[in-house]
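Participant: build me a model:
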Amino acid sequence: MKRLIFLFMFFPLIGCQQTESNHYQASPYKINYEPKKLVQQEEVKKEMMVDVPLIKQNPELKFGCEVTSTAMLLQYAGVPVNKMELYKQVKKDPDPLVERNGNIISWGNPADGFVGDMTGKKKGYAVFDQPIEDLVNQYLDGKAINFTNQPFSSLLTHVGKGFPIVIWTTGDYKLPNRWESWEHQGKTIKTPLDLHVVVLVGYDQEYVYLNDPLSGVKQAKVDKEQFIQSWDALEKRAVSYHE
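Facilitator: Just a heads-up that it's a prediction; the model follows:
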């Protein structure tokens, strides 16, 4: 049952965990994607907290922050699904990893599906918003909302109505500083390796509150402006649902 708390006012590589590399590029790049339809803005409550169940991605899904966060969202929505079911069902990009002297030469496109091995038995990376939106729609009959490229106030308004949001950030919720690039079907993919996905479950005037599947912290308190900067650098990706 959903509960709302209203307040008055490779091998270690990338994606969902912190590692080191000497081959990172320090300039952001936008993967080709179309801005999502604008969501009408409404008045934002001053404070809100949504009591979303916490699920940890480890030990089964070393690079599975996206599907684990999605499992939290769906369970809160009343869907009895677990992270391993979502791991099997989320779209995958099967293009293999090709490396040379420690550099990634070619790999998949996270905009199309999960890139690499989510379990960590082999190198893995991430998946972006569209495949997660599709996954939510499978369970909620087309009720997914893709907030990608929307103003952050729209996300807060939605959380204020009692809906958690799967949202892209970095492992430390700060600006990404570990960029990598590779080729994929004639295109260059440039993306931060310190990408992470969490569930936005609350906010107040100074902070946002996150369920983090990697740290295992429920309602982690993070400076709002700092978090917005990391979310913005990750192309403002976010997915939720409506009734």
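Participant: can you pull the buried residues of stretch 148-155?
Facilitator: 148-150, 152, 154-155 (16 or more other C-beta atoms under 10 Å). Glycine gets a C-beta too; all of them are placed from N, C-alpha and C.
Participant: past the longest strand along the chain, which element shows up next along the chain?
Facilitator: Longest strand in the chain by number of residues, with DSSP state E as the criterion: strand 195-203. Once strand 195-203 ends, the next helix or strand along the chain (criterion: DSSP states H and E) is strand 207-212.
Participant: below-threshold pLDDT in this structure: ranges please.
Facilitator: Flagging of the chain using pLDDT under 70 yields the residue ranges 1-14, 17-42.
Participant: go again using 50 as the cut-off
Facilitator: Under the criterion pLDDT under 50, the flagged ranges of the chain are 1-12, 19-39.
Participant: who's sitting farthest from the centroid in it?
Facilitator: Centroid-distance maximum for the chain: Asn101 at 29.6 Å, with C-alpha atoms, centre = their mean.
Participant: residues in contact with Asn58?
Facilitator: Leu214 (C-beta atoms under 8 Å, 6 or more residues apart in numbering).
Participant: how much space is there between it and Met118?
Facilitator: 12 Å (C-beta to C-beta, to the nearest Å).
Participant: OK, contacts around Asn146?
Facilitator: 36, 129-130, 133, 238-239.
Participant: just the strands in the protein please.
Facilitator: Counting by DSSP E, the strands of the chain are 4-5, 48-50, 92-93, 98-100, 103-106, 114-115, 144-146, 165-170, 179-184, 187-192, 195-203, 207-212, 217-223, 238-241.
Participant: wouldn't Ile104 be in contact with Val115 here?
Facilitator: No. Here Ile104 lies out of contact with Val115, judged by C-beta atoms under 8 Å, at a distance of 10.2 Å.
Participant: looking at the two, which is more packed in?
Facilitator: Val115 (29 against 22; other C-beta atoms under 10 Å).
Participant: residue contacts, the closest residue to that one other than its chain neighbours?
Facilitator: Nearest-residue entry for Val115: Gly108, 3.8 Å, with adjacent residues in sequence omitted and distances by C-beta to C-beta, 6 or more residues apart in numbering. Counting by C-beta under 8 Å, 6+ apart, Gly108 touches 92-95, 114-116, 125, 184.
Participant: only the buried subset of these, as a PyMOL command please.
Facilitator: Burial among those is assessed by 16+ other C-beta under 10 Å; the matching PyMOL selection reads:
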select buried, resi 92+93+95+114+115+116+125+184
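Participant: just put the contacts of Gly108 in JSON lines and tack on distance to Val197.
Facilitator: Shown next, in JSON lines, are those (distance: C-beta to C-beta, whole Å):
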{"residue": "Lys92", "distance to Val197": "16"}
{"residue": "Asp93", "distance to Val197": "17"}
{"residue": "Pro94", "distance to Val197": "21"}
{"residue": "Asp95", "distance to Val197": "21"}
{"residue": "Phe114", "distance to Val197": "11"}
{"residue": "Val115", "distance to Val197": "14"}
{"residue": "Gly116", "distance to Val197": "15"}
{"residue": "Tyr125", "distance to Val197": "12"}
{"residue": "His184", "distance to Val197": "21"}
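Participant: that concludes my questions; thank you for your assistance.
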